[in-house]
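*Asks:* Attaching a predicted model along with its sequence, questions to come.
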Amino acid sequence: MRLNEINIKEHMPSEKSVKTYSIATRLTLSLMAMVMFVVLFPIGWSYLETDRQARHTLVAKADETINYLSKILVAPLWDFDNTVVQAIGTTLIQNDLVVQLRITDSTGKAVYAVTKKSDADVIVRTCTIEYQGYIVGNVTLAISTHAYQQSKRTLLRTILLITIFVLGALVVGTGGLMRLFLQRPLADLHAIIRAHAAGNYDEPDMLLPYQEFQPFGQVLACMGVKIESQFNELQAAEARYHSIFENAVEGILQATTDGRILHANPSLAAICGYESPKEFMQTISALDQ
């Protein structure tokens, strides 16, 4: 059975009066926010922990080096062997981490002093060298954090690249999945709704094979059955009315408020001496004739 198609747009609110939202956009943004939290939280925590451990290692390296110097410089400083002190200093300053080394004797005179140019922050350690209760010298060591800062920037860039890649993959993947798993079901649902609006309740492929849409599909099916039943009742009532109108012994007519005759039954035409209602209405078209 097919009902006359109705214009449902006339009964719908205008687009300007209703603020619309995109399910796909909202779902994508929600997934991005969730992934940002799930990914960035452990990555951020790992970054901070790695940074803390790297700085702790650098500080430990400075402490270890200054302790090493305080032991190997005791004998040459006690013996005023500046040649050995300078040799130790020259060897140590070749280390890229060491940007400053200053060794003084018991009188405060610099035996070895070298400072490298460095734009990075430094970790400074100073130690007084003693032997048998006497101060034999002093050593000042500065270790650069350049390598540490460079490693930190590299790690941060890696984290940013990973985050951008994950978000890009999420946007592209979600868009594809939306088209595959969401737009097709919504298109099927839209087709079913339009079929119901047009009165096509017995069209094939009207089932919704999606669990999320099953309740809505059941409501549509119930609406279709109810509307079809009401339409059948209306057709039956109309048929009964026509039967009564056409087969009545009394003359019956239908006219407008201004007296124009719309319909007349066969009995009225016979009473007035006409062979058919059509001939009667062609001759008499108003009640005042």
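*Replies:* Looks like it came in fine. In this text, all values refer to a predicted model and were calculated from it rather than measured experimentally.
*Asks:* which helices and strands sit right next to the helix or strand hosting residue 87?
*Replies:* According to DSSP states H and E, residue 87 maps onto helix 82-93. Applying 3 or more CB pairs under 8 Å, 6 or more residues apart in numbering; DSSP states H and E, one finds that helix 82-93 contacts helix 23-72, helix 74-78, strand 98-105, strand 110-115. Using the backbone N, CA and C atoms, a C-beta is placed for each residue, glycine as well.
*Asks:* The third one versus helix 82-93: what angle between them?
*Replies:* The directions of strand 98-105 and helix 82-93 differ by 160 degrees, with axes from the mean of the first three to the mean of the last three CA atoms, to 10 degrees as the criterion.
*Asks:* what is the mean pLDDT for strand 98-105?
*Replies:* In this model, strand 98-105 carries a mean pLDDT of 94.
*Asks:* follow-up on the earlier one: enumerate the positions of the helix holding residue 87 that are buried.
*Replies:* Using 16 or more other CB atoms under 10 Å as the test for burial, helix 82-93 gives 85, 88-89, 92-93.
*Asks:* How about stretch 278-289?
*Replies:* 280-281, 284.
*Asks:* which one of those is nearest residue 141?
*Replies:* Closest approach to residue 141 among the buried residues of stretch 278-289 (CB to CB): residue 281, at 120.6 Å.
*Asks:* I believe the closest one is in a helix; please confirm or correct that.
*Replies:* Yes - Residue 281: assigned to a helix according to DSSP: H, G, I helix; E, B strand; the rest coil.
*Asks:* now residue 106, nearest residue through space, not along the chain?
*Replies:* Computed as CB to CB, 6 or more residues apart in numbering, the closest residue to residue 106 that is not its neighbour in sequence is residue 136, at 5.3 Å.
*Asks:* No further queries at this time; thank you.
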